[in-house]
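Asks: Here is my input, please return the structure:
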Amino acid sequence: MATFSLAALWNASAIPGHVAGIVEAIDELLPSTQPVEIIIALRENEANLELKLEMSDFPRLEMDRFAWEIKQSKGTLVEMWKLPKAERDAFRAAAFSGNIVTAENYWTAASTLKEHLEGITARGLKKMAPPQGLPHANRVPPPSAAPAQPKAPVRAPAPVLEDEPLSPEAVDEPIEALEPVEGDEEPIEAIEPVDEVVEPEAVDEPIGAVDEPIQAEDEPIQPPSGPELRRYKRFPVNLEMEFRTELDFVREHATNISNGGLFVRSAHRPPLDSIVRVDVRLPNGDRLQGEALVVHVVDDPYKGGVGLAFLSDDSSFAETLDRYLASLAP
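Replies: Numbers count the residues shown, from 1 in each chain. Next comes the predicted model:
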């Protein structure tokens, strides 16, 4: 199975209990994955988590929900596998330095992150808003949940008439019913306890949420934005290659290549988010062998094919690709 690397970054703006709840629930949030390694960097003003996960197919919906959960906890998710190896290594060196902890499981990782984030708050680096019934991560539906139902208007209670104590004469007299308050057409009914479950939209906004991305107080790490194949300079080529799925073996030609991946003109089009094994023969005799993710499918009878994103984290793969691309540059 292919290995994907993800990084979650939190600083003093994060809510420790919410972060711990999400990390404890990763098995439920990403059930299609198997953890290979769980690494934590405990920095002065930050707590960063790197996950190396194995998966046979890329669970896009699960990953989108996981990213949403991280955002709700005031964190940032970086899909490191999308970065070219040089950028990935630079990012890892910046975000995962200092006190490094390898966690045995998600529960250990959750408690470690929570303790460190609480320590940051206790040192007064940033004031944390008081918790108000934050939902557990695995109980919060993703943003695609049904739209919120309109709330029924709540009638304001009648003013309490306590201007003066009752006179002694008034004690022996029966108290007459109060006239309805002017403007109310019917008496105010007692508010019954609400038994209905609060809709997700009523609680999905984190406490003290801000619209700006999270940044650490000192030496903030700028997480790279999620790149696509078009982010990199593409070179037109005609390279012989093979790609394999669990069921098929196909020989084709790649028509363009970049640092992020390549496009294969083919009538055989594996489904989006599936993982294939590629073997590309370069003109200088080198070969690019590794796994790739199907990130784009073009259904056209003449120009159709698939766009593949390289997944290899191997240094020799990156060096071979960089040398070949350098030879194509003008």
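
Asks: Skip the chain neighbours and tell me the closest residue to residue 18.
Replies: Nearest non-adjacent residue to residue 18, counting by C-beta to C-beta, 6 or more residues apart in numbering: residue 73, 4.3 Å away. Where you see a C-beta, it was placed from the backbone N, CA and C, and this is true even at glycine.

Asks: Phi, psi for that neighbour please.
Replies: Taking degrees, to the nearest 10, you get phi -80, psi 10 for the backbone angles of residue 73.

Asks: Could you do the one 5 residues further on as well?
Replies: With angles defined as degrees, to the nearest 10, residue 78 sits at phi -120, psi 120.

Asks: same check, this time on the one 10 residues further on
Replies: The phi and psi values for residue 88, taken as degrees, to the nearest 10, are phi -60, psi -40.

Asks: residues contacting it?
Replies: 5, 80-81, 313 (C-beta atoms under 8 Å, 6 or more residues apart in numbering).

Asks: Tell me which two in the residues you listed are the farthest apart.
Replies: Largest separation among the contacts of residue 88 by C-beta to C-beta: 80 and 313, giving 8.8 Å.

Asks: Now list whatever residues contact both of the two.
Replies: Contact criterion C-beta under 8 Å, 6+ apart; residues shared by residue 80 and residue 313: 5, 88.

Asks: quick one: which of those two has more around it?
Replies: residue 80 (22 against 19; other C-beta atoms under 10 Å).

Asks: Name the nearest residue to that one, sequence neighbours excluded.
Replies: Distances taken as C-beta to C-beta, 6+ apart put residue 5 closest to residue 80, at 4.0 Å, once the chain neighbours are dropped.

Asks: Parallel or antiparallel, list what pairs with the helix or strand hosting that neighbour.
Replies: Using DSSP states H and E, residue 5 falls within strand 2-11. Looking at strand 2-11 with DSSP bridges, its partner strands are strand 46-55 (antiparallel), strand 76-79 (antiparallel).

Asks: which of those is buried the deepest?
Replies: Across those, averaging neighbours per residue (mean count of other C-beta atoms under 10 Å) puts strand 46-55 on top, at a mean of 22.

Asks: Go ahead and name everything in contact with it.
Replies: Contacts for strand 46-55 (C-beta under 8 Å, 6+ apart): 1-11, 14, 19, 23, 26, 30, 32-41, 80, 92, 95-96, 109, 113, 116-117, 120, 216, 221, 275.
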